[in-house]
Structure formats: structure tokens, C-alpha cells
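*Asks:* Just to be clear, the model below is a prediction. Sequence and coordinates:
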Amino acid sequence: MSSDIADLNTIINAAACNVNRWTDVAELLQRFIPGSKILFQVVEKESTTLLQVVYSGFSDRTIQAYGDHYWKVNPWTKGMNEMNMSLFTRSSELYPDQLLRKTEFFTDLVNPERECDGATALKFAAHRDRYAVLAVHHDFRRHEQIHARGQALLRTVVPALRTALEVNRLTNPTFNRPGGRGLIDQLVDAAIVVDENCRLLASNAAANELIADASLVLVRGQDIVQINNAEANAAFAGLVRNSCTLGDGRARLDDLIVNSASGNYVVTCVPVAIDQTNALPAGLLSIFTPRTVSLVIVRPRASEDLAALMGNLRHHFGLTKAEAGLVLEFERGGTLSEIASRVGVSRSTIQTHLKSIFAKTGTSKQRDVVTLITRHRASGRLFFPR
């Protein structure tokens, strides 16, 4: 059996890299467990929807009939829903044998197939409300013998089965849906697709130019997309997370407005639900539920009307015209002496204005004033009169 286990692990490793090889796993299991028929299936618990089947030993006709209708009346499903992970369960524990033989499922599907009225079931992986089950079907009269053989063989490869599925998920092209790639390539504006952790999944030509320029958008280690401004980047990360979890009932956040050396930009995040089952009917990828990613669109923003912006600052914080102008000068940077020189007043006058600005904005440092204004801009909150 140690040789069989080694061979099985080799094929499972191959399936990890190529979802089409899951059929080979089923065929090898059938060969190593004489008298068996093998069925991998992915089920959605709440709807008991059959998502995918990989099999060996069953006729194509039986599997077609199962997918078309009989999975809906499968008396073993309720028991599979309640099964514990990684434990081997007899079919008689899922549903009593004497009742099974009275069902349409048995008389019209199982019995004509022959030698599959007993089974050993193993729930080996789960993702949210979906789970993957391996069922070793056999003639019920040989149940104890095959159950023992299946347990001994499979117990050692359960971790490898789970690992193979996880590798399938990680290596499967994530943003690969009909029209998906074409959608971002057709956008004139820079478009980037990121996951909830801001990991880059796809980008169009305009975005690639923006990334290469690096004055606004950067791609750091592990393909993490960042805004080249600490305050704006924190707001960007929050916007992306919110976008990827809108299904949880969250309200959509406003766009970001980001100023950079190359210009002013509006950053919009749009949630996009993608399906990771593009490899159907091969493999078992349907265990992974649809995932929401964020389509990030970056558009140039028209230059600010400084007079209007100063008016908004004055209204929002109660600043004087001179104080509002000074706040904008703080954004440009420099020491108090340098700012005084730029605006043509004394350093003591700047200090007087600064104390008033601190009092009106609830800040205590020049840096805090800049952070406050940047945070408002980064979250898309502009200061329009009420």
C-alpha cells in the first residue's frame, strides 16, 4: 500500500498544477480500490446545488442523469451536509439502507448502475458554504472490506487533496471571465483590478504607464498597489476593502481625490464579482465561491479653482481669507520663514495666523493641518457652502 500511496500523491501533486488531472486521481483511486466506483463532487450546502463532478467507473449516462435531476433527490445529501471534516462516513450513516431502497434515487439511478449501493464518504475540503466530498461507491455486500481499504489508503492523502485544491485556486487566472480582460483593455482611463488586500490582478495599458511613472501609483512587494502618499494610501486601502465587501451591506464610499507631482486624480473603486470556475468541467474549482474584487479607475481631475477652494475652506472651518490662503501654502511645504517670504508677510504674522488656524481646526501642529486637509481631499470630501 505504501507504493500505492506514493503513486497517488504523485498524481494529486500533478492535479494541483493542472486541474484536468483530477480525473486521473479518480481513475487511480478506482484502480487501487478494486470493486469501487469513485465520485468527487462539490456541493453548495444551503441550496444543495451540485456544482461539479469528477468520476471514474460510473457510466457517462448515469452521471448525466445525476446532474440533470437525481442530485436534487439524493437522500445522502442531508447527511453529507452534516458530516464532519476529514472523517470517513458510511453511506448507511448518511441515510438508512432500508429507506434508501424505497426511493426514486435508488430504483431509477443507483440500482441500474449496479454495484454502487454502498459507499464510504469523505468531506475533505470546504470554502464558505461549499464543500468537496469524495465518495468511494461499491457493492454493499463488500462494504466492510472496501471501507477498510479506502480508509487505509485515503487517510494519508487527505492533506494532499486539500493542498491541491488550494494550489488550483492560487494558480487559476483570477480575473478571467467573459469580457473581463477586454473590459479593462477597452477603458481609456487607467484601470487596475485588485483584491481586498490591494494585490494587483490585472491592469490596462494606461495603468501600466501610470505605474511606470510612479509619481501617483506604485506596485510594491507581493504585487501590492499603493498610492504614493501615506494619507491617501490609507484612504485608498480602506476604499478597496469596502468595495470588495459591499455584499456585506456596506454603503459605498466616496471617490478619492489625490494630488501628485504629475497632477490631480480621481480614484474610483467599483466592485466586480468574478467566478473562479473558468476551468469547468475539469477539476474541482467550483468549491471556491464567487469572489468580489475591485476595479480601480484613475482619471485626471480638472485643476482646482483656488478661489472656490479657499471659499470652501473659509466656510467649513471659519477661516479668514488670509488663513485659508496660508493653509494652501502649508500644503506646498517649507518652513515658516519660507512661507512668509512666499506670501510677502513677516514670520510673526504667519505665527499669529497659525495660532488662529490651530484653534479653528482643532489641531496643534502645522503638519496636523496638512494632514487634515489631505484626509478630506483623499476621501473625496470637498468643502462646498451649505
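*Replies:* Yep, it's here. Since the structure is predicted, the reported quantities are computational estimates derived from the model, not experimental observations. Numbers count the residues shown, from 1 in each chain.

*Asks:* what's the spacing between the residue most central in space within the chain and Val267?
*Replies:* With distances taken as CA atoms, centre = their mean, Arg291 lies nearest the centre of the chain, 4.4 Å away. For Arg291, the distance to Val267 equals 22 Å [CB to CB, to the nearest Å]. To be clear about C-beta, it is placed using only N, CA and C from the backbone, and glycine gets the same treatment.

*Asks:* and what of Asp4?
*Replies:* 55 Å.

*Asks:* pLDDT value on the residue lying farthest from the centre of the chain, please?
*Replies:* The centre of the chain is farthest from one residue, Ser346, which by CA atoms, centre = their mean lies 55.5 Å away. We note a pLDDT of 89 for Ser346 in this prediction.

*Asks:* okay but it is in contact with Leu336, surely?
*Replies:* No. Ser346 is beyond contact range of Leu336, at 10.2 Å (criterion: CB atoms under 8 Å).

*Asks:* tell me the average confidence for stretch 164-184?
*Replies:* Stretch 164-184 comes out at a mean pLDDT of 68.

*Asks:* out of Asp4 and Val267, which sits in the more crowded spot?
*Replies:* More crowded of Asp4 and Val267, by other CB atoms under 10 Å: Val267, with 25 against 16.

*Asks:* and that one, that's in a helix?
*Replies:* No. Using DSSP: H, G, I helix; E, B strand; the rest coil, the assignment for Val267 is strand, not a helix.

*Asks:* Find the residue closest to it in space, skipping its chain neighbours.
*Replies:* Distances taken as CB to CB, 6 or more residues apart in numbering put Leu256 closest to Val267, at 4.1 Å, once the chain neighbours are dropped.

*Asks:* is it true that Cys17 touches Thr163?
*Replies:* No. Using CB under 8 Å, Cys17 is not in contact with Thr163; the gap is 11.5 Å.

*Asks:* out of those two, which sits in the busier spot?
*Replies:* Thr163 (15 against 11).

*Asks:* give me the element the more buried one is part of.
*Replies:* Assigned by DSSP states H and E, Thr163 belongs to helix 158-171.

*Asks:* Which residues belonging to the helix or strand hosting Phe236 are considered buried?
*Replies:* According to DSSP H and E, Phe236 maps onto helix 230-244. For helix 230-244, burial by neighbour count (16 or more other CB atoms under 10 Å) applies to 231-233, 235-237, 239-244.

*Asks:* any chance of those in CSV, with pLDDT and distance to Ser364 too?
*Replies:* Rendered in CSV, the data for the buried residues of helix 230-244 read as follows (pLDDT from 0 to 100; distance: CB to CB, whole Å):
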residue, pLDDT, distance to Ser364
Glu231, 78, 18
Ala232, 82, 23
Asn233, 88, 24
Ala235, 86, 22
Phe236, 91, 27
Ala237, 92, 27
Leu239, 90, 28
Val240, 92, 31
Arg241, 90, 30
Asn242, 88, 30
Ser243, 88, 34
Cys244, 86, 36
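
*Asks:* where in the stretch 201-350 of the chain is pLDDT low?
*Replies:* 246-252, 275-282, 302-309 (pLDDT under 70).

*Asks:* Show me where it has its helices.
*Replies:* Secondary structure of the stretch 201-350 of the chain by DSSP state H, counting those that start in this stretch: the helices cover 205-213, 230-244, 306-317, 321-332, 336-343, 347-361.

*Asks:* What are the contacting residues of the shortest one?
*Replies:* Judged by CB atoms under 8 Å, 6 or more residues apart in numbering, the contacts made with helix 336-343 from elsewhere in the structure are 325-326, 329-330, 332, 334, 346-347, 349-351, 354, 366.

*Asks:* In CSV: the residues you listed, plus distance to Ile33.
*Replies:* As requested, the contacts of helix 336-343 are exported to CSV (distance: CB to CB, whole Å):
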residue, distance to Ile33
Gly325, 82
Leu326, 80
Glu329, 78
Phe330, 75
Arg332, 75
Gly334, 77
Ser346, 91
Arg347, 87
Thr349, 89
Ile350, 84
Gln351, 85
Leu354, 81
Gln366, 75
